[in-house]
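J.: Provide a 3D model corresponding to the input given below.
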Amino acid sequence: MSTYVGRQPIFDKEGVCFGYELLYRSCDQNNIATFQDSAKATARVMVNMVHNIGLAPIIGQKVGYINVDETMLFSDAILLLPKEHFGFEILEHTQVSPALFERVKHLNSLGYRFSLDDFDCSDAMINAYKPLFPYIEIIKVDIQAIGLPNLKASIDKLKTHIPLLAEKIETHEEYEACRKLNFHLFQGYFFEKPVILSGKQIEPLTANALRLMNCIQGNNDVAYITEKFETCPDLVYNLLRHVNSGAYHFKNKITSIKQMILLLGPQKILSWLGLFLYGAPQNHPFGIEIFNNAKFRAKAMEELAITCKKAELANKAFLTGSLSLIDTYLNISMLEFLNHVNLDDEIKTALLFHEGFLGELLFIATEMNHSSDTDATISALKHYPCFKTDQLYNACTNATLFVENTEHE
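T.: Numbering: from 1, shown residues only. Here you go, the predicted structure:
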């Protein structure tokens, strides 16, 4: 059975990534982990990764938070995970017995950090978990279980100085409400979904990339493309960085713009421009995560297109994935963005309606990218039986490696 670990970012008030919740995923349709098994499964996979893969590809320098229940809290597996890199989220169904209280107290004295997961702020839950409060680093408040109208009254009942994390944020309204209530941390699908706040002027560098995309679309004349690049030295510089990134292993030294275009090919150039539209993600709230998610989807879609023996659509698939979050990044609607660029109709249909072959690939790549449990991946398998479980796993693995190898561009 192939297994991998999904991650969902946790952000602070400034939109900076604070850490990741790490979640077990399985690509085996016949092995859907039960909720009770998920903590055990995640811990097992993480122990394996610590000793065989390393943490850098998964969490970098951030903290990874994993679910634990009674069984895992008393297991020696916890002691195999480096405490400086991991936090443990105590699941809401965990019974706080005297033995568990002593175990958490002991582990905390050794430097292990704990959070309370899916906290609904009910009197019953507060009374059950209050003995653990002195050893808790974060309380993760389930805003969907509570509801916005009841949120302030609910968190006021906690009467604690423990930092609060608002989880399961799905809309801009929910995010703003939680900010106003002085939540310290934020997590949820909202940070990967399009949010239209206000129109945003497209910056000059982005405008140049859009103009070049319009020129290259449907044009394979290398001399013509070279001429257009020569008018945009800023794009040439960034293309040179891209060519020299870990994503490629060219033996020859770069001597000209034309050589770079010949090495990559017009369609790869077009795909790169799609990613370049994200500009400088480090200067954008949530930008790094949006950019990395777009790269993941792009590579996963390319891999899946090739798997389907539709290699001729691989470049289109990559470009579609690249652009799938550009509306979120630019704070404009997808339709408004598409009015700026002359894209293939098949790509437009996929981006606007998630329809057609590319739309199907985008759906699968999106589910693999940010699903918080196994069910979403299994659902994708049920709807698209043309993919075998190992093929989905390979696409996910290669997409993850692509993000890792290009993260310093």
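J.: In the helix or strand hosting residue 399, which residues are buried?
T.: In this structure, residue 399 sits in helix 389-405 according to DSSP states H and E. Burial within helix 389-405, assessed by neighbour count using 16 or more other C-beta atoms under 10 Å, is assigned to 389, 391-396, 399-400, 402-405. Just so you know, the C-beta spots here come from the backbone N, C-alpha and C atoms, and that holds for glycine as well.
J.: Could you do stretch 135-154 as well?
T.: By 16+ other C-beta under 10 Å, the buried positions in stretch 135-154 come out as 135-143, 145-146, 151, 154.
J.: Just checking the distance from it to the centre of its chain.
T.: Taking the mean C-alpha point of stretch 135-154 and that of its whole chain, the gap between them comes to 23 Å (C-alpha atoms, centre = their mean, to the nearest Å).
J.: looking only at pLDDT, what's the mean for that stretch?
T.: Rounded to a whole number, the mean pLDDT of stretch 135-154 is 95.
J.: Please write out the alpha-carbon positions of that stretch in PDB.
T.: The C-alpha atoms that make up stretch 135-154 are tabulated as PDB, following Å, rounded to 0.1, in the frame of the first residue of the first chain:
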ATOM      1  CA  TYR A 135       0.300  21.800  29.600                       C
ATOM      2  CA  ILE A 136      -1.500  23.100  26.400                       C
ATOM      3  CA  GLU A 137       0.300  25.300  23.900                       C
ATOM      4  CA  ILE A 138      -2.700  26.000  21.500                       C
ATOM      5  CA  ILE A 139      -6.400  25.400  21.600                       C
ATOM      6  CA  LYS A 140      -7.800  24.800  18.100                       C
ATOM      7  CA  VAL A 141     -11.400  26.100  18.100                       C
ATOM      8  CA  ASP A 142     -13.800  24.500  15.600                       C
ATOM      9  CA  ILE A 143     -15.600  27.500  14.300                       C
ATOM     10  CA  GLN A 144     -17.900  25.400  12.100                       C
ATOM     11  CA  ALA A 145     -19.200  23.400  15.200                       C
ATOM     12  CA  ILE A 146     -19.800  26.700  17.100                       C
ATOM     13  CA  GLY A 147     -21.000  29.000  14.400                       C
ATOM     14  CA  LEU A 148     -20.000  32.700  14.000                       C
ATOM     15  CA  PRO A 149     -23.000  34.100  16.000                       C
ATOM     16  CA  ASN A 150     -21.900  32.100  19.000                       C
ATOM     17  CA  LEU A 151     -18.200  32.300  18.600                       C
ATOM     18  CA  LYS A 152     -17.400  35.300  20.900                       C
ATOM     19  CA  ALA A 153     -19.600  34.000  23.800                       C
ATOM     20  CA  SER A 154     -18.000  30.500  23.400                       C
END
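J.: rewinding a little: which of the buried residues of stretch 135-154 lies at the shortest distance from residue 121?
T.: Nearest to residue 121 out of those is residue 154 (C-beta to C-beta; 3.7 Å).
J.: Give me the distance from the helix holding residue 399 to the chain's centre.
T.: On C-alpha atoms, centre = their mean, the centre of helix 389-405 falls 13 Å from that of its chain.
J.: Who are the packing partners of that helix?
T.: Helix 389-405 makes packing contacts with strand 3-12, helix 56-59, helix 287-307, helix 356-370, helix 374-383 when contacts are defined by 3 or more C-beta pairs under 8 Å, 6 or more residues apart in numbering; DSSP states H and E.
J.: I'd like to know which of those lies nearest to residue 117.
T.: Nearest to residue 117, of all those, is strand 3-12, at 12.3 Å by C-beta to C-beta.
J.: Number of residues surrounding residue 80?
T.: Around residue 80 sit 13 other residues, with neighbours defined as other C-beta atoms under 10 Å.
J.: dump the residue contacts of residue 130.
T.: By C-beta atoms under 8 Å, 6 or more residues apart in numbering, residue 130 lies in contact with nothing.
J.: Let me have the helices and strands packed on helix 389-405 in TSV, extended by distance to residue 177, mean pLDDT and mean neighbour count.
T.: Supplementary listing: the helices and strands packed on helix 389-405 in TSV, determined by distance: least, C-beta to C-beta, whole Å; pLDDT from 0 to 100; neighbours: other C-beta atoms under 10 Å:
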stretch	distance to residue 177	mean pLDDT	mean neighbour count
strand 3-12	15	74	20
helix 56-59	29	67	16
helix 287-307	21	87	24
helix 356-370	22	87	22
helix 374-383	26	55	17
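J.: Looking at these, spot the one closest to residue 166.
T.: Smallest distance to residue 166 across the helices and strands packed on helix 389-405 (C-beta to C-beta): 10.1 Å, for strand 3-12.
J.: what pLDDT, on average, does stretch 21-30 get?
T.: When pLDDT is averaged over stretch 21-30, the result is 57.
J.: secondary structure class for the nearest residue to residue 7 once chain neighbours are set aside?
T.: In this structure, residue 7 finds its nearest non-sequential neighbour in residue 20, 4.1 Å apart by C-beta to C-beta, 6 or more residues apart in numbering. With DSSP: H, G, I helix; E, B strand; the rest coil as the basis, residue 20 sits in strand.
J.: returning to that earlier point: quick check: angle from the helix holding residue 399 to helix 356-370?
T.: With axes from the mean of the first three to the mean of the last three C-alpha atoms, to 10 degrees as the criterion, the two stretches helix 389-405 and helix 356-370 enclose an angle of 70 degrees.
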